[in-house]
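*Asks:* Predicted model follows, preceded by the sequence.
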Protein chains: 4
Amino acid sequence: MCARETGRRTGRPRSAEADRAILDAARQALVELGWGRLSMGDVAARAGVAKTTLYRRWANKNELVVDAVAALFDELELPDRGSLRADVEGVVLQFAALLEQPATRTALMAVVAEATHDEALRRRIRAAIVDRQKRLVIEGRRRAQERGEIPPDDGDPTAQVDLIFDVIAGAVVHRALVSCEPVDADWAARFTTVLLGGLAAASAI
Amino acid sequence: MCARETGRRTGRPRSAEADRAILDAARQALVELGWGRLSMGDVAARAGVAKTTLYRRWANKNELVVDAVAALFDELELPDRGSLRADVEGVVLQFAALLEQPATRTALMAVVAEATHDEALRRRIRAAIVDRQKRLVIEGRRRAQERGEIPPDDGDPTAQVDLIFDVIAGAVVHRALVSCEPVDADWAARFTTVLLGGLAAASAI
Amino acid sequence: MCARETGRRTGRPRSAEADRAILDAARQALVELGWGRLSMGDVAARAGVAKTTLYRRWANKNELVVDAVAALFDELELPDRGSLRADVEGVVLQFAALLEQPATRTALMAVVAEATHDEALRRRIRAAIVDRQKRLVIEGRRRAQERGEIPPDDGDPTAQVDLIFDVIAGAVVHRALVSCEPVDADWAARFTTVLLGGLAAASAI
Amino acid sequence: MCARETGRRTGRPRSAEADRAILDAARQALVELGWGRLSMGDVAARAGVAKTTLYRRWANKNELVVDAVAALFDELELPDRGSLRADVEGVVLQFAALLEQPATRTALMAVVAEATHDEALRRRIRAAIVDRQKRLVIEGRRRAQERGEIPPDDGDPTAQVDLIFDVIAGAVVHRALVSCEPVDADWAARFTTVLLGGLAAASAI
DNA sequence: CTTTAAGCGAGACGGTACGTCTAGTCTTGTT
DNA sequence: AACAAGACTAGACGTACCGTCTCGCTTAAAG
């Protein structure tokens, strides 16, 4: 999480309690205030910790906030809802619900914005968030193939997985964060109709 | 562009040259530094203008930067390529090309990130960027209807326009800025196939 | 007092009221807290002024405190007591009384101690305190010459003024702050006898 | 030297080498940096010792530095130069030479400054520095009396010794450390003329 | 020859202040 | 009026140091 040199063995060990308190405080402050108005002094005060203790663990405000939020994107699941359409609608609504939380929306966009001029951060996001969530698409396709809803792969499905992921995640993120309109059951249904119709048409070629 | 009170008629008129210089300076600073590190003093200095001249035109930093960003997206056009499919592929590639420029990618993400915790900014983005670019979808549908490629509207097409816009813009932005993979002619073709297939299926219900 | 570039002519002029408020606050804080515990933030708060307003005028804490200390010594006066001897005894007792106040003794020694390894500070002390107080010696000599107690200058009196100042100030400071013995009327009388006798002998050569 | 509780008898004894290393490091740091910029962490690092080892021996920074400096003032001597005038000029130049070394000037002023608000330290300085150097004045007077340059004492000379000492030491310290002007042979000659003339005049009363 | 009380190096900790930077406002004199 | 210049309040930033507090390890004398 925080950059902790593993080689040290002398000196007083860092307080694990402080780690937790700081990350909790940072998450809480992020939700209440947003990235720009969150201040290190405030986080330190909330955590009951000195400001130096923050700077001993993270080089600056960005590093801390990115870490404070990184774990929020692991909670997406793909419960089996019995049909491809239900699975897609479910994951769309679940993802939208996540993005409706200020903590997550702020964190995701802030980190992506920061990444537009930081190649290393871009790679980190791709590994930690993008590739992780592609598993949801892969799992959904597998189930649909088992159910006979879509034909089995006859080649490498990577390109199609990528496309599906970009369309689903892109549309939800765009509607929730750029257009700023609600991702409700109705929109999810209409979106799913378009997506599945499009995929059927594409594979029929 | 900038909020210009129309009631004034006496006194020295505002310098149009200053308007241009400020917006140019803001765009340049935004690209070089990103949202967070851009400062009003720096923009004023680049524009060769006093800080008061900025604040006379825009209420605060956010307002100025949003305007500077919005102008970047006004260059998108929809030349008639003869078919709906060609028009969609064309606008996808055009939009992707825009997002491949560091200027635009940084600006868009910066402004969206800032908006995640700023309701007023969100409204401003929607008015200055989102609604403005929906014109492309509306125009594309109109042409396709004239060509007979899609049936004429039998109700209010707003919801469908919104959905199409979210899907196109979302998928392109997501692939270009989050997944960080190229939006090339091949991807555009496959995406268009899915989109048009989906829309056909949706209207066939 | 504070470094004020005289060449500027545009922009808002610096507040003379702030100048006064800051120096007053600094003097007060110096008396209450001593050099080490005086903080810039505290001085700013006492003066009802932002910290930046301090740093716009003085480069750092030392510079400000030196000026504040210098002002403490501006209250020394040389009322005409009718004879050179009475004037010397008067200023010796006045100076000793000043050094008996903890505020002044602490401030003077602190600033001199700080200056032992800071060439710039040394120059500043010389300009702000030493040269400023030499006025007392110059004025005393002028009066004595008018009274006919000492002959008029027949050359540049600077070296003699310097010597007299070092002897008077040095002896008083040394007795009060290093030897730590009282500078009373008796000591002042004996010291004055030695000083005036010495000066008479020196000019008789 | 350092406050060492005598009651302990078990456990690992304190390292005498650390004592030396710390005091040496403190003296060196004091000369290089001055009192204010000397830091306990830096002294510990120079001494190759942990900060706790410093605080086990001295309660705080002041205590350590005072101890580090105490021994520096024992080197003044009064060789017989054959006449009172030559002896005075000699001791003036010798004392000035001592104060021209950064080590001594910094140490002396630092310790005096600290003493302005520490009664115990003031007494300690008086015993260790002031009274010790008064022997130079006493010895000089004795020699001059033997040579017949000044009349023998007809009462208690203490008050006069004190006055002479304050004048000499005060003037030299003031010129060297406050006025910051060179104490050269010329100044020493002029000062001696004034001092001896003054003393002659005073005893002629 | 083990126990034991303390010293020791390393470095984290709560604090406090530093000096810098920026936002957004205000005050001059000039155009 | 707008403008250039720059002072102003407010407050966060990231750094440095103080003096304290764990850690785990070392060292001598006491048992």
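*Replies:* Arrived safely, thanks for sending. Residues are numbered from 1 along each chain as shown, chains lettered A, B, ... in the order given.
*Asks:* how far out from the middle of the chain is the helix or strand where A:Ala25 lies?
*Replies:* Assigned by DSSP states H and E, A:Ala25 belongs to helix A:16-37. How far helix A:16-37 lies from its chain's middle: 18 Å, per C-alpha atoms, centre = their mean, to the nearest Å.
*Asks:* So which bits of the helix or strand that it is followed by are buried?
*Replies:* For helix A:16-37, the following helix or strand on the C-terminal side (DSSP H and E) is helix A:40-47. Across helix A:40-47, burial judged by 16 or more other C-beta atoms under 10 Å in any protein chain shown covers A:Met40, A:Asp42, A:Val43, A:Ala44, A:Arg46, A:Ala47. (C-beta placed from N, C-alpha, C; glycine too.)
*Asks:* Show me what the helix holding A:Ala25 is packed against.
*Replies:* Packing partners of helix A:16-37 (3 or more C-beta pairs under 8 Å, 6 or more residues apart in numbering or on different chains; DSSP states H and E): helix A:40-47, helix A:51-57, helix A:61-70, helix A:102-115.
*Asks:* To DNA strand E, which of the ones you listed lies closest?
*Replies:* The closest of those to DNA strand E is helix A:51-57. By C-beta to the nearest atom of the strand, the value is 3.5 Å.
*Asks:* What is the closest one packed up against?
*Replies:* Judged by 3+ C-beta pairs under 8 Å, 6+ apart, the packing partners of helix A:51-57 are helix A:16-37, helix A:40-47.
*Asks:* please redo it, this time with the cut-off set to 6 Å
*Replies:* helix A:40-47 (3 or more C-beta pairs under 6 Å, 6 or more residues apart in numbering or on different chains; DSSP states H and E).
*Asks:* report the angle between the axes of the helix it packs on and helix A:61-70?
*Replies:* Using axes from the mean of the first three to the mean of the last three C-alpha atoms, to 10 degrees, the direction of helix A:40-47 lies 40 degrees away from that of helix A:61-70.
*Asks:* Keeping just the C-alphas, turn helix A:40-47 into CSV.
*Replies:* Written as CSV, here are the backbone C-alpha positions of helix A:40-47 (Å, rounded to 0.1, in the frame of the first residue of the first chain):
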residue,chain,number,x,y,z
MET,A,40,-2.9,16.8,4.6
GLY,A,41,-3.2,18.7,7.9
ASP,A,42,-6.9,17.8,8.0
VAL,A,43,-6.3,14.2,7.3
ALA,A,44,-3.6,14.1,10.0
ALA,A,45,-6.0,15.7,12.5
ARG,A,46,-8.8,13.2,11.6
ALA,A,47,-6.4,10.3,12.0
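*Asks:* That one vs DNA strand E: in contact?
*Replies:* No - residues of helix A:40-47 contacting DNA strand E under C-beta under 7 Å from any atom of the strand: none, with a closest distance of 7.6 Å.
*Asks:* quick check, the helix holding A:Ala25 touching DNA strand F?
*Replies:* No - remark: helix A:16-37 sits outside contact range of DNA strand F, by C-beta under 7 Å from any atom of the strand, the gap being at least 7.6 Å.
*Asks:* Enumerate the positions of that helix that are buried.
*Replies:* A:18-19, A:21-23, A:25-31, A:33-35.
*Asks:* which two in those residues are spaced the farthest apart?
*Replies:* A:Ala18 and A:Gly34 (24.1 Å; C-beta to C-beta).
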